[in-house]
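Enquirer: Build me a structure from this.
(one chain, ligands or ions: 1)
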Amino acid sequence: MKVLVANRGEIAVRVIRACREQGLATVAVFSEADREALHVMLADEAYAIGPAPAAESYLSSERILTAAKAARADAVHPGYGFLAENAAFAEACAAAGLAFIGPPPAAIRAMGDKTSARRIARDLSVPTVAGTLEPLAPDADARVAARGIGYPLMLKAARGGGGKGMRLVRQEGELESALRMARNEAAAAFGDSAIYLERYVAEPRHIEIQVLADDHGHVIHLGERECSIQRRHQKLVEECPSPVVDAAMRSRMGEAACRIARAAGYVNAGTVEFLVDAEQNFYFLEMNTRLQVEHPVTEMVTGIDLVREQLRIAAGEPLHVTQADVAWRGAAIECRINAEDPFGGWLPSPGTLTALRAATGPWVRDDSGVYEGYTVPGVYDTLLAKLIVWGADRAAAIDRMARALAEYKVVGVRTTIPILAQIVAHPDFRAGRLSTGFLDRILPAIRTAAGRFRSVAVIAAVLAEYERLGHATIAESVAPRDAWRSSPPLTVWRERTR
Ligand code: MV4
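Expert: Residues are numbered from 1 along each chain as shown. Here you go, the predicted structure:
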């Protein structure tokens, strides 16, 4: 058996690792920008599929299928992003005699249309946010539909997802122009201007349920992930379990997620997203028909290898676990390490990793797509690695994450590591007081803290200059390779809360 991995970066590496452990041969594909990439080095064979722009390489169904044919692959794993939720690609794989390691095309389609997904949930009596169950007709009076829902409300792209093209409308006066902008954005981003309306849920939590389904009618859930710490719909920190979900809520949400998966004819790994309001009410939002970036926290707490399950399911095997076998032990946290400058407008920071030391040690996992000496290209997603830790309870996991982030050293590009360290050190994070507004709320204070770190950097530069000039007394007090030291403990938040 040979699996072509139609992706790059850390997720391609993750899939290759699972295949190797299962005794499956792997085929990597790579663009011209990825000749030196880690996933290419780790696969058994690798095929060039085109120039750097994803549209001409990782998003080209034709080029990937050509590589699969040349390699005589049996199956295709799409990872996340790129072609992972493209029903036509899943169909093209089947037509080419390749097993698509993901859900059936019909399930991808049913969930790709967010209003169709809402209808499925509504028909099962799973709570959904109040709103329209069909896209707004192009000539419909939006004001009439909006009055039926009430303000504030959200305009969402029917073909969208993940927050792209969403718009908040506070009152009727804003509706017309917001709708025009939402339609234009949706058309540009998804090639479909269809919009639907939803009542706005203020400061919600984003909690999602992992499901697994096989070809034999078994559907189980692996509990929730808390994904409320986001910036512009990009998650930074995820955890399992959620600090606000107890066993009763977990089984209610899990059962709802399984019912939705079953009704959609779902097979393989998927995720059902919910919004949770201040009163712990949950509302179905959408279903992601792929393996998610944050899947490792579920793996760490349940002990179930989600990619191995995906491979077995695609091979037609029944699930190796029943719902009663699923148990949640301890707590796991994931931090996304991106090549971005959190103190410089979050701009991408591509470049050569002149030095790299990933955190290791007990209960620390580094799902990375890079290595020392590698040059991070500027044309793709900025995710370098995911740092995942496990602890016997949430407090232990937080302490371990703080320790691991202090050890993680990346030289050559700016990363999100300093901001992640600030987040996990925050008293609201430790107390589990999370919502989608968390990051925007704490960012101003983090900027102040960054000013202090800058002054530390100035002192370090002055010391380095003294050393260069041969001032032995000061040079002796500066340890060699100072950059390798664990970062100092963060005291910023403690000062503020005293
Ligand atoms: C919402 C919402 C409030 N009310 N829907 C953003 C991602 C997409 N999957 C859905 N999103 C939201 N939908 C209603 N009716 C607020 C958000 C939202 C959000 C959700 C999850 C995580 C972070 C978020 C940040 C801003 C807005």
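
Enquirer: need the contact list for the most centrally placed residue in the chain.
Expert: Residue closest to the average C-alpha location in the chain (C-alpha atoms, centre = their mean): residue 293, at 3.6 Å. The neighbourhood of residue 293, defined by C-beta atoms under 8 Å, 6 or more residues apart in numbering, consists of 11, 80, 235, 336, 383, 386. For every residue, glycine as well, the C-beta is placed using N, CA and C.

Enquirer: Look at it and give its secondary structure.
Expert: coil (DSSP: H, G, I helix; E, B strand; the rest coil).

Enquirer: Domains in this structure, by residue range?
Expert: Split into domains by automatic domain parsing, the chain comes to 2-101, 130-199, 205-445.

Enquirer: What residues are bridge-paired with the closest residue to residue 45 other than its chain neighbours?
Expert: Residue nearest to residue 45 in three dimensions, not counting chain neighbours: residue 27, with 5.3 Å by C-beta to C-beta, 6 or more residues apart in numbering. Note on residue 27: beta-bridge partners residue 4, residue 45, judged by DSSP bridges.

Enquirer: Check the secondary structure at the residue in the stretch 351-498 of the chain that the ligand sits nearest to for me.
Expert: Using C-beta to the nearest ligand atom, residue 436 is the residue of the stretch 351-498 of the chain that sits closest to the ligand, at 3.5 Å. Of the three states, residue 436 takes coil under three-state DSSP.

Enquirer: got it, and residue 401?
Expert: On the basis of three-state DSSP, residue 401 is classed as helix.

Enquirer: cool, residue 270 as well?
Expert: strand.

Enquirer: Enumerate the residues of the chain near the ligand.
Expert: 129, 154, 162-163, 166, 198-201, 204, 206, 230, 233, 273, 275, 285-286, 436 (C-beta under 6 Å from any ligand atom).

Enquirer: Filter the residues you listed down to the buried ones.
Expert: 129, 154, 166, 198-201, 204, 206, 230, 273, 275, 285-286, 436 (16 or more other C-beta atoms under 10 Å).

Enquirer: where along the stretch 151-300 of the chain do the strands fall?
Expert: With DSSP state E, counting those that start in this stretch, the ranges of strands along the stretch 151-300 of the chain come out as 153-157, 167-169, 195-199, 205-213, 219-231, 234-240, 268-276, 282-288.

Enquirer: and those strands as JSON lines, adding mean pLDDT?
Expert: As requested, the strands of the stretch 151-300 of the chain are exported to JSON lines (pLDDT from 0 to 100):
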{"stretch": "strand 153-157", "mean pLDDT": "97"}
{"stretch": "strand 167-169", "mean pLDDT": "96"}
{"stretch": "strand 195-199", "mean pLDDT": "97"}
{"stretch": "strand 205-213", "mean pLDDT": "97"}
{"stretch": "strand 219-231", "mean pLDDT": "96"}
{"stretch": "strand 234-240", "mean pLDDT": "97"}
{"stretch": "strand 268-276", "mean pLDDT": "98"}
{"stretch": "strand 282-288", "mean pLDDT": "98"}
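
Enquirer: Please convert these to JSON lines, extending it with distance to residue 308.
Expert: Formatted as JSON lines, those follow (distance: least, C-beta to C-beta, whole Å):
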{"stretch": "strand 153-157", "distance to residue 308": "34"}
{"stretch": "strand 167-169", "distance to residue 308": "40"}
{"stretch": "strand 195-199", "distance to residue 308": "37"}
{"stretch": "strand 205-213", "distance to residue 308": "11"}
{"stretch": "strand 219-231", "distance to residue 308": "13"}
{"stretch": "strand 234-240", "distance to residue 308": "18"}
{"stretch": "strand 268-276", "distance to residue 308": "11"}
{"stretch": "strand 282-288", "distance to residue 308": "20"}
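
Enquirer: closest to residue 69 out of these?
Expert: Ranking these by proximity to residue 69 (C-beta to C-beta) places strand 268-276 first, at 23.1 Å.

Enquirer: Note down every partner strand of that closest one and its orientation.
Expert: The pairing partners recorded for strand 268-276 under DSSP bridges are strand 205-213 (antiparallel), strand 282-288 (antiparallel).

Enquirer: Which stretch among those is buried most, on average?
Expert: The highest mean neighbour count among those, using mean count of other C-beta atoms under 10 Å, belongs to strand 205-213: a mean of 25.

Enquirer: Report the angle between that strand and strand 219-231.
Expert: Orientation check (axes from the mean of the first three to the mean of the last three C-alpha atoms, to 10 degrees): strand 205-213 against strand 219-231 gives 150 degrees.

Enquirer: Can you tell me, leaving aside adjacent residues, what's nearest to the residue in the stretch 51-200 of the chain that the ligand sits nearest to?
Expert: Here the stretch 51-200 of the chain gets closest to the ligand at one residue, residue 163, 3.3 Å apart by C-beta to the nearest ligand atom. Spatial nearest neighbour of residue 163, excluding adjacent residues (C-beta to C-beta, 6+ apart): residue 233 at 3.3 Å.

Enquirer: do the same with residue 169
Expert: With C-beta to C-beta, 6+ apart, the residue lying closest to residue 169 is residue 178, at 4.9 Å.
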